[in-house]
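Student: Show me the folded form of this:
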Amino acid sequence: MSATNQNNKKIEPWVFFPPLIFAAVFCLWVFKDAKSAAAGLKNAYTFVTVNMAWAFEWYIMVMFVFCLYFIFGPYAHKRLGDEKPEFSTISWLGMIFTAVAGLGVLTWTSIEFFYYLQTPPFGIKPFSPESHPWALAYPMFHWGFTVWAMNTVFGLAFAYLFFVKKRDVVRPSSACECLFGKNLTDGWLGRLIDALFVIGFVGGVTTCIGVNVPTVFALVSKVFGSVHTLELDAAIILSWSIFMAMLLYTGLNKGVRLLSDFRIYFGFGLLAVILLFGPTSYILNTATDTLGHLLQNFVRMSLYTDPNFKSGVPQDWTIFYWAWYVALVLQAGIFLGRISRGRTVREYAIGSLLASTAGSWLFFAVFQNFSMYVYEQGTVPIADIMTKSGQGAAIVEIWSQLPLGGIMTFILLIYAYIAMQTLLNGATYTLAMVTTKELSGEEEPPQWIRIFWSLVLGAIAIALVYIGGIRPSQTMTIVGSIPIFLISVCVLISFMKDMRKHWGTTGEEKLSSQTTQYSTPDNKIQA
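Tutor: Sure thing, here's the model as predicted:
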């Protein structure tokens, strides 16, 4: 489709304006009364994490069970479309593998363990030897197979719609048609579902920005010797928004693709350097021990709400993570579904689950254990730095201990900036697609809508930085995840209902589809 025809597309007003009004009111509230905004977000965070902890934990466990059901159940042999897979198995696994290897992984692999040393779960004494295994196991648990099982399940739901039902699904409301009926999903209910999705998704994305930008700010200060100020923070965020707006306006898809590829290969290069030139034996031994500790205590960690000790670990970490992933799960599902044409249900579920888990755990095995090694050597006073200068500064000081520290710090700055840039690009594109009227899966949203949402995300991120701290960003996810929690349940019920109707309850009606010859589609759907 030409650029002119793209820009002739109109916005979907009932989906576009409610999230816009929400974002405008939020920013005005923050800049008018930052203290009141911070207090309000804190109360909302506490209410949700305390009162709904059980709901989020059971939800994630149920998703894990669903994933196992699709691997071993009656639909395992079913194929997601009769066409040949669009990507080779290695390329397909690689895209899933690297989808989780963004800046967030580097941020939390480098510092999350220290929070559990300070405040361990289960009443363990802070900084005691008993706290160390838990401090290393909990981050891997939060970035492990249970949450990737949730993404896998929703990826399967969208792959089914794309390639079995031959539907172009660019909005969550379309995935609920079997549950509510076409009249409702094309009417007021569908618009409500999509508007709530955009609000929740914006909350999840701004959290990605809010929890990671302190690391970028600290890297800039370290490399260039600049003083950390609010004005500098805002300038960096605006540069992301403006740079991406320029790329989207000029249509430099090749440039965006090169940035993404650079980020992928760069990440693996960092892992190789640290593993080869760092404390290799310590990293490998500790990673092995941590994996054993996690697997031994998996069920306890999954259902831990801490009603007695009240350490805050499940509320501040596990529930926050689960809410964050829920807020982003529908977009993740659409991506996983789009790239999985021609796979069997079992092949898809195993590949998605294992590749996602390996992608995150490799970074934790290397970066987290290197950071723990630095802590145990006592070369970086992590607690003092976090108290005086914040989390980002502590992470950068840990990274300064990497082999070729000075060069690696500059390299990490480039990687961090590009990782955030690609995050903003993907989020902006999703928001533009959902808020554009009459857009099929083959068409691109108008340039001006993509530019608009890139600037809106930047404005919200600046507002969160203005309040100060990571907690406001976390609260945006906690609050935004509630509507997507409900929408995702509707999507799953609709998927199961449609699947049972189309494939039957035993999956035997179309067993011959395994032997069906691949056909070549006239129009390929782009991932």
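Student: Quick one: low-confidence residue ranges for the stretch 401-527 of the chain.
Tutor: Scanning the stretch 401-527 of the chain with the threshold set as pLDDT under 70 gives 422, 439-443, 468-470, 507-527.
Student: mind running it again at 50?
Tutor: 510-527 (pLDDT under 50).
Student: ok, which stretches of it are helices?
Tutor: 405-434, 447-467, 471-503 (DSSP state H, counting those that start in this stretch).
Student: now for those, which one comes closest to residue 187?
Tutor: helix 471-503 (15.2 Å; Cβ to Cβ). C-beta here means a position set from N, CA and C on the backbone, and glycine is covered the same way.
Student: Tell me what angle the closest one forms with helix 447-467.
Tutor: 140 degrees (axes from the mean of the first three to the mean of the last three Cα atoms, to 10 degrees).
Student: What helices and strands are in contact with helix 471-503?
Tutor: Applying 3 or more Cβ pairs under 8 Å, 6 or more residues apart in numbering; DSSP states H and E, one finds that helix 471-503 makes contact with helix 34-51, helix 53-72, helix 145-159, helix 177-180, helix 188-224, helix 319-338, helix 447-467.
Student: Columns distance to residue 495 on top of those, output as a markdown table?
Tutor: A markdown table is the format used below for these (distance: least, Cβ to Cβ, whole Å):
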| stretch | distance to residue 495 |
| --- | --- |
| helix 34-51 | 26 |
| helix 53-72 | 10 |
| helix 145-159 | 4 |
| helix 177-180 | 8 |
| helix 188-224 | 15 |
| helix 319-338 | 10 |
| helix 447-467 | 28 |
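Student: Make JSON lines out of those helices and add mean neighbour count.
Tutor: Shown next, in JSON lines, are these (neighbours: other Cβ atoms under 10 Å):
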{"stretch": "helix 34-51", "mean neighbour count": "16"}
{"stretch": "helix 53-72", "mean neighbour count": "17"}
{"stretch": "helix 145-159", "mean neighbour count": "26"}
{"stretch": "helix 177-180", "mean neighbour count": "19"}
{"stretch": "helix 188-224", "mean neighbour count": "23"}
{"stretch": "helix 319-338", "mean neighbour count": "25"}
{"stretch": "helix 447-467", "mean neighbour count": "22"}
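Student: Give me the neighbour count for residue 119.
Tutor: Neighbour count for residue 119, taken as other Cβ atoms under 10 Å: 15.
Student: phi, psi of residue 379?
Tutor: Residue 379 has phi and psi values of phi -80, psi -20 when expressed as degrees, to the nearest 10.
Student: likewise residue 83?
Tutor: Backbone torsions for residue 83, taken as degrees, to the nearest 10, come to phi -80, psi 160.
Student: does it really touch residue 341, like I thought?
Tutor: Yes: here residue 83 reaches residue 341: they are 5.9 Å apart, a contact under Cβ atoms under 8 Å.
Student: shared neighbours, these two?
Tutor: residue 163 (Cβ atoms under 8 Å, 6 or more residues apart in numbering).
Student: what pLDDT does residue 72 get?
Tutor: Residue 72 is assigned 95 on the pLDDT scale.
Student: again, but for residue 368
Tutor: In this model, residue 368 is scored at 96, pLDDT.
Student: Contact partners for it?
Tutor: Contacts of residue 368 (Cβ under 8 Å, 6+ apart): 109, 110, 112, 113, 136, 139, 140.
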